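Participant: What follows is a predicted protein model with its sequence.
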Amino acid sequence: MRLIGTAIFLSALWLLMSGLYKPLILGLGAVSVLLVVYVLHRMDSVDEDRVTLPLSPIASVGYFFWLLVEIARANWAVTKIVLSPKMPITQHLFAVPYTQKSDVGQVIFANSITLTPGTLTVETDLGYFLVHALDYSPDDLVALADMDARVTAIETERAG
């Protein structure tokens with residue numbers, strides 16, 4: 001049943017992205033989908049390993065839109081710094097604790113930090129990330145704590 005759902009999803013994605021409905025294109029799409037489904041089936045028969053996404057879909061969409069707004073704000077701030085004649089940069093490395101229990105949640109938080117212009121997750125350790133900020137202020141810790149809480153809020157299950 002999972003393979004049929006995957007085939008339907010991939011077929012719909014192919015049709016939406018190609019935008020061409022000629023027999024040759026449809027045939028190539030069908031062959032591609034069948035090949036991917038076959039490879040997935042072979043991979044599952046070897047190890048039966050599954051990746052679960054312990055995330056709430058609705059909360060994740062809300063987080064995604066919030067993150068887009070934060071990225072836009074950070075872009076504006078970095079643009080002002082770069083275009084300033086004096087380039088007022090106060091670089092700083094600092095530790096940011098995280099509260100996510102799942103690996104997926106931790107990856108989302110670390111990548112959200114890196115996606116936000118002017119900040120970069122440099123290193124991960126048990127319980128915290130080492131973050132580099134282009135223009136550091138004490139408010140960054142508050143903003144990152146808010147981001148951490150938002151990512152933790154989209155997790156649906158707690159990993160042990």
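Facilitator: Received the coordinates, thanks.

Participant: Just to check, residue 32 is in contact with residue 13?
Facilitator: No. Counting by Cβ atoms under 8 Å, residue 32 sits too far from residue 13 to count as a contact (10.6 Å). C-beta: built from backbone N, CA, C; applies to glycine.

Participant: ok but residue 137 is inside a strand, no?
Facilitator: No. The assignment for residue 137, made by DSSP: H, G, I helix; E, B strand; the rest coil, is coil rather than a strand.

Participant: What pLDDT is listed against it?
Facilitator: Residue 137 is assigned a pLDDT of 89 by the prediction.

Participant: if you skip the residues just before and after it, what's nearest to it?
Facilitator: Spatial nearest neighbour of residue 137, excluding adjacent residues (Cβ to Cβ, 6 or more residues apart in numbering): residue 90 at 7.5 Å.

Participant: Ok, residue 99 next?
Facilitator: residue 152 (4.8 Å).

Participant: how about the one you found, secondary structure?
Facilitator: When classified by three-state DSSP, residue 152 comes out as helix.

Participant: Model confidence at it, what's the number?
Facilitator: On pLDDT, residue 152 comes in at 94.

Participant: show me the contacts for it.
Facilitator: Residues counted as contacts of residue 152 (Cβ atoms under 8 Å, 6 or more residues apart in numbering) are 99, 100, 105.
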